[in-house]
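Sequence isn't available, so here's the structure alone:
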């Protein structure tokens, strides 16, 4: 069976002239080091409390610092050569790093425009709901370099209650005629520095203001939300990457790939769809979910560049919330049975289609958290299976062991 597709995320395009920078006097901000606290709860606590699900809204988390530490590696410095940067990319390239920074933030042009690059990021959290994007990152930043770059790029200060913030364009607007605007689109229209050194950027002023308020303790954060808080608390401590979605992302949809790919006749499809719908009703409703991976090595063709026997292998992780603890207990049993006995749908594509879940995940732990409406699933990976497999299957609508229906 298939699950509903999470919409692709885009930022709105429009035009606005860049306004001049007006310098302000601000004290240096000490950026946190790689060893600083920056786990899932801490990073989601630096984002404003915004709803998942609406307009395809999702949240992501990544900790390159924890992944590199688990592999005995250090991030590339300013004088690193291409080989060192490539090794960094192999180690952390599958983590859910901030969208635009991951794609463009390795270039000298990016650092000149914004005062930092992707190699300096130790931890990140991001909220995406087009056209709104809000990102909080911690790392080895130089606050003076940040401010100097923002001045060169035309940012001007905003009046905020905590920390500092600057804007270069209006909400969601893009200046395609400006080289800096083309680099980030609307992604860094507004930037900010919290008093604890957290760097914030957003496509809209409300995003930065909300993050600064959450960090200062003056407003609720994403980590405080009722559906997400128990998921965050139950997530493994060695988690280094995560995608957080609303429960509707796991709703079952009949898998029509058999009709398209195998010539299945309509009557057979109708019978199979009815069976899949019934199977989906066995799983109690999911209110929210996390799909992620733990720190460690990757085997097979996407292997990390280190000796595999020296470091722990990465695991795939899912944490889902149900309506109540009894529903979570029931869900744990259904999920465990599906993983043991069922196979991936045809929609998974390639050589994964029809492959038993038990082959992809030879080691499986499924447990309901006592007294909580949460199920934690930890999956050991077969040779060549990427730790980001669960996110991939969600976007392919092929994460059948979590498919549910009212």
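Everything's here; your move. If you're wondering where the values come from, they're calculated on a predicted model, not measured in any experiment.

By mean pLDDT, point me to the weakest helix or strand of this protein.
helix 257-262 (a mean of 50; mean pLDDT, DSSP states H and E).

Now the most far-flung residue of the chain relative to its centre: which helix or strand?
What lies farthest from the middle of the chain is residue 267; by CA atoms, centre = their mean that is 39.9 Å. Element membership for residue 267, per DSSP states H and E: helix 266-281.

Ok, residue 200 next?
Using DSSP H and E, residue 200 falls within strand 199-202.

what separates whatever helix or strand comes next after that strand from the chain centre, distance-wise?
Downstream of strand 199-202, the next assigned helix or strand under DSSP H and E is helix 205-216. Centroid separation between helix 205-216 and its chain, computed with CA atoms, centre = their mean, to the nearest Å, is 19 Å.

Run through the helices of the stretch 1-150 of the chain in chain order.
40-44, 64-70, 82-92, 99-104, 108-114, 143-152 (DSSP state H, counting those that start in this stretch).

In a markdown table, list the ones you listed along with mean pLDDT.
Below are these laid out as a markdown table (pLDDT from 0 to 100):
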| stretch | mean pLDDT |
| --- | --- |
| helix 40-44 | 97 |
| helix 64-70 | 95 |
| helix 82-92 | 91 |
| helix 99-104 | 86 |
| helix 108-114 | 95 |
| helix 143-152 | 97 |
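
JSON lines for the ones you listed, including distance to residue 352 and mean neighbour count?
Placement of C-beta: from N, CA and C, glycine included. Compiled in JSON lines, the helices of the stretch 1-150 of the chain are given as follows (distance: least, CB to CB, whole Å; neighbours: other CB atoms under 10 Å):
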{"stretch": "helix 40-44", "distance to residue 352": "28", "mean neighbour count": "23"}
{"stretch": "helix 64-70", "distance to residue 352": "25", "mean neighbour count": "22"}
{"stretch": "helix 82-92", "distance to residue 352": "22", "mean neighbour count": "17"}
{"stretch": "helix 99-104", "distance to residue 352": "25", "mean neighbour count": "18"}
{"stretch": "helix 108-114", "distance to residue 352": "35", "mean neighbour count": "18"}
{"stretch": "helix 143-152", "distance to residue 352": "43", "mean neighbour count": "17"}
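
Please identify which of these is closest to residue 311.
Comparing the helices of the stretch 1-150 of the chain against residue 311 with CB to CB, the closest turns out to be helix 64-70 (6.1 Å).

quick one: pLDDT of residue 263?
What the model reports as pLDDT for residue 263 is 60.

Show the contacting residues for the closest residue to residue 221 other than its chain neighbours.
Nearest residue to residue 221 in three dimensions, chain neighbours excluded: residue 214, at 4.0 Å (CB to CB, 6 or more residues apart in numbering). With contact taken as CB atoms under 8 Å, 6 or more residues apart in numbering, residue 214 is in contact with 45-49, 220-222.

Quick check on these: which are buried?
Taking 16 or more other CB atoms under 10 Å as the criterion, what is buried in those is 45-49, 221-222.

Quick check: the farthest pair among these?
Top of the distance list for these (CB to CB): 46 and 49, 11.5 Å.

For the two, list the residues in contact with both.
Counting by CB under 8 Å, 6+ apart, the residues touching both residue 46 and residue 49 are 214, 221.
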